[in-house]
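> next come a sequence and a model predicted from it.
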Amino acid sequence: MEFNDYQALANRTLYGNEQVLTNLSLGLASETGQVVDLVKKYTFHGESLNKDQLTKQMGDVLWYLSQVAEWADIPFDEVAQQNIAKLNQKYPNEKSSK
């Protein structure tokens, strides 16, 4: 799936009023916190990494990010492309270990 396609499909579930950007930002922080909590429990509490739950929470983070971009009239593909360009510039000789 392309990022812009995801953004458009995700946007059909966005409801809100003039406070929508605040709602999106707070939701993004909350969902990011849930990802962090899963990693913390795995790293420091000896719990198994629940990949299903992690995937769901990461999807929620993705939704909020896509809708912040939508609100700001930024194509989500552009966000991804600019990030890769920045990473390539910052780490020109790095190779993935995976």
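Perfect, I can see it now. Numbers count the residues shown, from 1 in each chain.
> how about low-confidence regions in the protein?
For the chain, residues meeting the criterion pLDDT under 70 lie at 96-98.
> which secondary structure elements does the top helix by length along the chain contact?
Secondary structure of the chain per DSSP state H: the longest helix is helix 20-44. Applying 3 or more C-beta pairs under 8 Å, 6 or more residues apart in numbering; DSSP states H and E, we find helix 20-44 packed against helix 51-71. In this view, the C-beta of every residue, glycine as well, is placed from N, C-alpha and C.
> setting the sequence-adjacent residues aside, check what's closest to the residue most central in space within the chain.
The residue lying closest to the centre of the chain (C-alpha atoms, centre = their mean) is residue 62, at 3.1 Å. Nearest residue to residue 62, sequence neighbours excluded (C-beta to C-beta, 6 or more residues apart in numbering): residue 6, at 7.3 Å.
> test my guess that that neighbour contacts residue 66.
Yes - the pair residue 6 / residue 66 is scored as a contact, 6.0 Å apart, by C-beta atoms under 8 Å.
> pick out whichever of these two has more residues nearby.
Using other C-beta atoms under 10 Å, the more surrounded residue of residue 6 and residue 66 is residue 66, with 23 against 16.
> how much space between the nearest residue to that one once chain neighbours are set aside and residue 18?
Excluding the flanking residues, the one nearest residue 66 by C-beta to C-beta, 6+ apart is residue 7, at 4.4 Å. Plainly put, residue 7 is 21 Å away from residue 18 if you go by C-beta to C-beta, to the nearest Å.
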